[in-house]
Structure formats: structure tokens, C-alpha cells
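> one predicted model, sequence on top.
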Amino acid sequence: MPNQNSPTRYGVVAQAFHWVIAALVVTQFVLANLAGDLPIGVHKLALLARHKSFGMTVLMLAILRVLWRLKNPPPELPAGMRPLERMLARSTHVAFYVLLFAMPITGWLMSSAKNYSVSWFGLFTWPNLIGKNEAAFELLRSTHDLLSGVLFVIAVLHILAALKHHFWNKDDVLLRMLPFTKARRPKSEVQS
Ligand code: HEM
Ligand code: HEM
């Protein structure tokens, strides 16, 4: 399997970025919700520390992913897609990239505004981006919360779109993002 994207398929590197980041984003929601249900205490802080470490990992991977994408343009969308569908697909992908930066950065700023340190799995500590500021903390907390809602809605639409491509349109959009799969044969090649 080639590392680079081809005109019709995502390469291994782009697929790895996609699925590792997708898994981390899901983990982020699970950890945040588990922490949200707990009273202030050691257990809650431990879950939030994990949330922060995984969140900063998303930021690092998002930077690498964008750099990789600049060098490796994605495959073309299927020819049969209507202009509105193309526009929706592209806007969703742009929104994802913006959120993959905005979520960690608002989280990092929020922690800085509370003067809570952001460690990376206990290995090192990220510097605080701003000084202690309660008003900024509240604003950043609401922004992080609001953006997480936007991310959730976009992710649901994105998953539904991927399933629609696969089961309804029967094209290669899902397969070309999955490892160990082959493109479907064009209808003209299928024996009747
Ligand atoms: C892709 C990355 C991230 C995602 C998807 C994400 C998602 C979330 C979600 C869904 C919540 C719960 C919001 C609510 O219902 O109140 C939350 C809370 C929180 N996040 Fe993140 N987050 C990310 C990155 C980060 C990072 C990097 C940090 C800090 C360095 C961070 C710090 C926090 C904190 C401290 C809370 C609890 C806020 C409170 O006290 O209510 N997050 N995050
Ligand atoms: C919350 C988790 C997810 C995030 C943040 C995410 C993000 C993205 C992004 C940014 C792209 C554009 C890739 C590029 O061209 O650079 C993409 C493509 C894609 N995603 Fe996801 N994704 C997530 C979950 C999923 C899931 C669960 C599925 C499958 C059901 C999926 C299926 C696809 C497919 C098939 C493409 C390729 C679309 C195309 O060929 O144009 N994604 N995703």
C-alpha cells in the first residue's frame, strides 16, 4: 500500500492520521463526559489530565497532518457528486481541520487562564499561554464547550455522509479511506 495519496485513494499516512485522530477525538468526548459527572477530586483531575494529554496529542498530530496534506493533495471526489454535495464535503473537512486546532487551543488557553498546568502524560509541561484570569477562563470554557457541540454535530453528519456514499451511492469514498480494501469495480466492468 503506497504511503502517498493517489488521485483515487488516500495513502497509508493520510489514513493513519485520519483514524488515529478520529479515535482520539472520540476518547476526548468519553473522558470529558466521565470527568463531568464526577465531583471535584483526585479521580476527576486524573481524567482531566488524561483529557489534556490526549488533546495536546491531537494538536501535534493535526499540525503534522496539515503539513502532510499540503504535500499530498487528497483524491478527487467522485465525478457524480452534485456541486452542493461537493461544497458540503469540502466545508465539513475545512471545519474539522479548524476544530482540530481550535479545540486543543481553547482547552490549553482555558487551563492557562486558571493557572492549571498542562502536562503531557507526566513527561513534560506545556507553558501557560496567558496569565490567571477568571473572566477569560469562563469565556474560554464556554467556547470550548460550544465548539465541542459543533464538532459533535459535524462528526455525526460526516459519518452519515460516509455511510451514504458506501451503501446508497455505492462509490469508493469510504473504501479509499479504509486500509486493506480495494476499489469497487466500475459498473461497466461488472458482468451481468
Ligand atoms: C480535540 C481535542 C479536544 C476535544 C474534542 C475536547 C472536548 C471536550 C469536551 C466535549 C468537554 C466537555 C464540555 C462540557 O460539556 O462541559 C471538554 C471539557 C474540558 N476540556 Fe477539552 N477537548 C479537547 C482538548 C482539550 C485540551 C487540549 C485541553 C487542555 C489542555 C482541554 C481541557 C478541558 C477542560 C479543563 C475541560 C473541563 C471544563 C470544565 O471545567 O467544564 N481540552 N473538552
Ligand atoms: C470525529 C472523528 C472524525 C474526524 C475528526 C474526521 C475528519 C476527517 C477529515 C478532516 C477528512 C478529510 C481528509 C482530507 O482530505 O484531508 C475526513 C475524510 C473522511 N472521513 Fe472522517 N473523520 C472522523 C470520523 C470518521 C468516521 C467514523 C468515518 C467512517 C464512518 C469517516 C469517514 C471518512 C471518509 C470516508 C473520508 C474521505 C472523504 C473523501 O474521500 O473525500 N470519518 N475525515
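Perfect, thanks for sending it. Ligands and ions are numbered 1, 2, ... in the order given.

> does stretch 62-82 reach ligand 1?
No: figure legend: stretch 62-82 not in contact with ligand 1 (Cβ under 6 Å from any ligand atom); closest approach 8.2 Å. To be clear about C-beta, it is placed using only N, CA and C from the backbone, and glycine gets the same treatment.

> report the buried residues of that stretch.
Using 16 or more other Cβ atoms under 10 Å as the test for burial, stretch 62-82 gives 62, 65, 68-69, 72, 74-75, 81.

> in helices, which of those residues appear?
Per DSSP state H, helices hold the following members of these: 62, 65, 68-69.

> kindly reformat these as CSV containing pLDDT and distance to V98.
Shown next, in CSV, are those (pLDDT from 0 to 100; distance: Cβ to Cβ, whole Å):
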residue, pLDDT, distance to V98
A62, 98, 10
R65, 98, 13
W68, 98, 17
R69, 97, 14
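
> show me where the protein has its helices.
Assigned by DSSP H, the chain shows helices spanning 12-36, 42-71, 83-113, 134-163.

> quick one: which of these is nearest V173?
Judged by Cβ to Cβ, the one of those that comes nearest to V173 is helix 134-163, at 6.6 Å.

> nice, that's everything, thank you.
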